[in-house]
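*Asks:* turn this into a structure:
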Amino acid sequence: QVHLVESGGGLVQAGGSLRLSCAASGRFFSSYAMGWFRQAPGEEREFVAAINWRGGTTYYTDSVKGRFTISRDNAKNTVYLQMIDLKPEDTAVYYCARVPWGTRRGDSWGQGTQVTVSS
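*Replies:* Below you'll find the model as predicted:
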C-alpha cells in the first residue's frame, strides 16, 4: 500500500505559477508510475499527467502540455507538478495517485490540494 499526501495548492492569479508536491509513504514507491489528476466543482475527476517509475518518461493531457511538468524524486518519495501560466480553468482539487503505466487511471488516492486561479 502507498499513502499519499498532497501539498502546495493555493490561490494564484491567472498567469501565475505553483508547484504541487505529493509525499508518499510505504514500500516500493520507486517501483510505481505516478500521476496527477484534478477535479473541478461539478465535474468528473480527470487525468492531468503521469511519470514512469524511473522518471524518464511522461505524458500529459492536451490542455496542460507546455504549461505543466511532472517530475519525481525517488530518494525523497515525492512526486511534483510544476504549473506555469495558470488559467482560471485550471481551478480544481488536485490529487496524486499511482497509475498503471500507459493508462489515465489512478488508485491509492491522496486527500487532494485545492488550486484556485483568479482571472
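*Asks:* from residue 9, how far off is the residue most central in space within the chain?
*Replies:* Centroid-nearest residue in the chain: residue 36, 2.6 Å away (criterion: C-alpha atoms, centre = their mean). Note on residue 36: its distance to residue 9, by C-beta to C-beta, to the nearest Å, is 12 Å. Heads up, the C-betas are built off the backbone N, CA and C, glycines and all.
*Asks:* once you drop chain neighbours, what's closest to residue 32?
*Replies:* Across the structure, with C-beta to C-beta, 6 or more residues apart in numbering as the measure, the residue nearest residue 32 apart from its sequence neighbours is residue 98 (4.8 Å).
*Asks:* for that neighbour, name its beta-bridge partners.
*Replies:* Residue 98 has the following beta-bridge partners by DSSP bridges: residue 34, residue 107.
*Asks:* what sits against it?
*Replies:* 2, 32-35, 106-108 (C-beta atoms under 8 Å, 6 or more residues apart in numbering).
*Asks:* name the helices or strands packed onto the helix or strand that residue 71 is a member of?
*Replies:* Secondary structure assigned from DSSP states H and E places residue 71 in strand 68-73. Helices and strands touching strand 68-73, as assessed by 3 or more C-beta pairs under 8 Å, 6 or more residues apart in numbering; DSSP states H and E, comprise strand 34-39, strand 46-51, strand 58-60, strand 78-83.
*Asks:* avg pLDDT for the shortest one?
*Replies:* Averaged across strand 58-60, the pLDDT comes to 97.
*Asks:* which neighbours do residue 36 and residue 9 share?
*Replies:* Taking C-beta under 8 Å, 6+ apart as the contact definition, residue 36 and residue 9 share the neighbouring residues 20, 94.
*Asks:* run through the residues that contact the residue nearest to the centre of the chain.
*Replies:* Contacts here follow C-beta under 8 Å, 6+ apart; on that basis residue 36 touches 20, 22, 48-50, 68, 70, 79, 81, 94-97.
*Asks:* right, I'll call it a day here.
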